[in-house]
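> With the input below, show me the fold.
(chains A and B)
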Amino acid sequence: MEYFLELFFGGLTRGSIYALIALGYTMVYGIIQLINFAHGEIYMIGAFVALIVAGVCTIYGLSGISILILAAIIAVIYASAYGYTLEKVAYRPLRGAPRLSPLISAIGMSIFLQNYVLLAQTPDFLPFPRLIPDFAFMEPVAHIIGSPELVILVTTMVTMILLTLLIKKTKVGKAMRATQQDMDMARLVGVNVDRIISLTFIIGSALAAIGGVLVASYIGQVNFYIGFLAGVKAFTAAVLGGIGSIPGAVLGGLVLGWAESFAAGYISSDYEDVFTFGLLVLILTLRPAGILGKARKQKV
Amino acid sequence: MADKKHKLLEVKGLTMDFGGLRAVDSVSLEVHEGEIAALIGPNGAGKTTFFNCVTGIYNPTKGDILLHPKGLETRRLNGLKPNKVTEMGLARTFQNIRLFPDMTVLENVMIGRHCRTKAGIFRAILRDKGVREEEQLIVESSYQLLEKVGLEDFANEFSKNLPYGAQRRLEIARAMATDPFLLLLDEPAAGMNPQETADLDQLIRKISEEEKIAILLIEHDMKLVMHISNPIYVMEYGKKIAEGSPQEIKDNPKVVEAYLGEETDA
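Numbering: from 1, shown residues only, chains lettered A, B, ... in the order given. The predicted model follows:
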């Protein structure tokens, strides 16, 4: 039973990170039907910025959780700026072009950003300081769930609750939902759709950066390529849950995290990806639009 | 007749080409304060294209679209984005219903109201006291609008679950929420039964008289058009072929030939 719980919380932690990144994919897709392949790179840039900030802070003698918070804030600001610029430079000029064009542009941006970091930083893995201390109150349950997992879970949960409130309660959220449901009509009732699209990229990038910082400090190393795998997994989570659906992204992330964790724990960690992607194929066969996705009606 | 009234919308020689097809061919039209004007014509005459040009969905090939808000300077609408046109005080509804299906009736109206609020993105996210008060005012005024169109009981229903006639009325309420002085209605009576059409007749009059909103509507229901609108403009094959009072339109042989046929002889 303890082993089960350990795997359960391990899966939950992984899954909530996938969910955090998947939200960025799904929100962008929901509004402009674009799969933003460069989203994983934003996550990677968030982690790198955090690494630099952590390095500087260590010189100034700060420690532990305060560095983590500072690094996360700066990473979020940086990544948001990248996300905003990405949309402005690579996607906005292609608005109204055939759907394949922005998709190719997205792949291009992904490769560009990877190589940019490769050249500007280093091709090697860099160690990331362990910023999350072991809390004393976690001692009794440490063999099931550790302090880093707890921090990740709490952070992702708070972030997702804030996002939900933003979308459900504020007028900006209402404008985002309206833009998602009918972009032309949203314009006609006075919504500045371009601003809403920019904002969507900013929010998505901020979430990815939070994910990047958390994972980097959990795993303990970063390199220019980490965004690719995280991106693929999170994209899988978004598709699994139903791309375009926000609760779907969260559910998809959690399902994926658990599938990986249990497959690795009970069967073999060599096969975890086989099981997760097998699950993806199975669910998409039964429900092509994803678990919570709705078949989208084509607007004429 | 309408000489002394303030001119709100003035369209001069509007032309819209799609490649080699001229969908609208130098059409001129005016809407004055207090009017319910109608634009009629057979299917494919270019009426909706005309609306799309005026509301910023298309950028017309030629011609001028001028808006003369009362007490403000004249604005040329050509090439403005739809959200700007809406901010200028011109709202519209669609021929096929275009509500936000997964939002509640109240939210559908509130979203229209938001373009009249000042709080920017950051304040909206932080929700300070001013924003919350503003939000409360929006909820109240949106309720009032729903009462005007008789939908207050459905406020928390998803708009996709409303009956057809109610969805049409909600579209009108949402357009009114943007606080326009001119409302463009694209076939508001399409698909309605006689009772619903009669209610609509009343509603349009009420909007015109009580809210002081001028109206330009596209409609195929001749009974409704002849009953509420004056003047009437007639289009055929992209050109304006007639304009005048309902009586003049009925008596115009060109119109009868092009459009009304034998049906309205009675």
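> List the buried residues of stretch B:124-142.
B:Ala124, B:Ile125, B:Arg127, B:Val131, B:Glu134, B:Glu135, B:Ile138, B:Ser141, B:Ser142 (16 or more other C-beta atoms under 10 Å in any protein chain shown). (Glycine included, C-beta is placed from N, CA and C.)
> ok, for residue 169, nearest residue in space, not its chain neighbours?
This is for chain A. In space, and not counting its chain neighbours, A:Lys169 is closest to B:Arg127: 7.9 Å by C-beta to C-beta, 6 or more residues apart in numbering or on different chains.
> look at chain B instead
Closest to B:Arg169 by C-beta to C-beta, 6+ apart is B:Val149, at 4.3 Å.
> Please report the distance of the one you found from B:Ile207.
In this view, B:Val149 and B:Ile207 are 9 Å apart by C-beta to C-beta, to the nearest Å.
> Between those two, which contacts overlap?
The contact sets of B:Val149 and B:Ile207 overlap at B:Ile172 (C-beta atoms under 8 Å, 6 or more residues apart in numbering or on different chains).
> in the chain, which helix has the most residues?
Reading this off chain A. Longest helix of chain A, by residue count under DSSP state H: helix A:2-32.
> meant chain B, my bad for not saying
Chain B, longest helix under DSSP H: helix B:129-148.
> Would you enumerate the residues in contact with the closest residue to chain B within the stretch 101-250 of chain A?
Here the stretch 101-250 of chain A gets closest to chain B at one residue, A:Gly190, 2.6 Å apart by C-beta to the nearest C-beta. A:Gly190 makes contacts with B:Asn83, B:Thr86, B:Glu87, B:Gly112, B:His114, B:Cys115, B:Arg116, B:Thr178, as judged by C-beta under 8 Å, 6+ apart.
> Closest to A:Lys88 out of the residues you listed?
B:Asn83 (18.6 Å; C-beta to C-beta).
> Please, where are all the helices along the stretch 51-200 of chain A?
Along the stretch 51-200 of chain A, the stretches classed as helices by DSSP state H, counting those that start in this stretch are A:65-86, A:100-120, A:147-169, A:171-181, A:183-188, A:193-219.
> Residue 24: neighbouring residues, count only.
With no chain named, the answer covers chain A. 31 (other C-beta atoms under 10 Å in any protein chain shown).
> Correction: the question concerned chain B.
Neighbour tally, B:Val24, other C-beta under 10 Å: 28.
> Are there helices or strands packed against the helix or strand harbouring it, and which ones?
Using DSSP states H and E, B:Val24 sits in strand B:21-32. Secondary-structure packing of strand B:21-32 (3 or more C-beta pairs under 8 Å, 6 or more residues apart in numbering or on different chains; DSSP states H and E): strand B:7-18, strand B:36-40, helix B:47-54, strand B:62-67, strand B:214-218, strand B:239-244.
> Just send those back as CSV, with mean pLDDT too.
What follows is those, written out as CSV (pLDDT from 0 to 100):
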stretch, mean pLDDT
strand B:7-18, 92
strand B:36-40, 93
helix B:47-54, 92
strand B:62-67, 92
strand B:214-218, 94
strand B:239-244, 90
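> would you turn the ones you listed into a markdown table with mean neighbour count?
Shown next, in a markdown table, are the helices and strands packed on strand B:21-32 (neighbours: other C-beta atoms under 10 Å in any protein chain shown):
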| stretch | mean neighbour count |
| --- | --- |
| strand B:7-18 | 18 |
| strand B:36-40 | 25 |
| helix B:47-54 | 24 |
| strand B:62-67 | 18 |
| strand B:214-218 | 25 |
| strand B:239-244 | 18 |
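> okay if I get those as TSV plus distance to A:Thr170?
Below are the helices and strands packed on strand B:21-32 laid out as TSV (distance: least, C-beta to C-beta, whole Å):
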stretch	distance to A:Thr170
strand B:7-18	34
strand B:36-40	37
helix B:47-54	31
strand B:62-67	31
strand B:214-218	33
strand B:239-244	45
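> Please identify which of the ones you listed is closest to A:Val158.
That would be helix B:47-54 among these, by C-beta to C-beta, at 44.9 Å.
> so how far is the closest one off the chain centroid?
Offset of helix B:47-54 from its chain centre (C-alpha atoms, centre = their mean, to the nearest Å): 11 Å.
> For chain A, what's the nearest residue on the stretch 51-200 of chain B?
For the stretch 51-200 of chain B, C-beta to the nearest C-beta, closest residue to chain A: B:Cys115, 2.6 Å.
> What's the local residue count around that residue?
For B:Cys115, using other C-beta under 10 Å, the count is 20.
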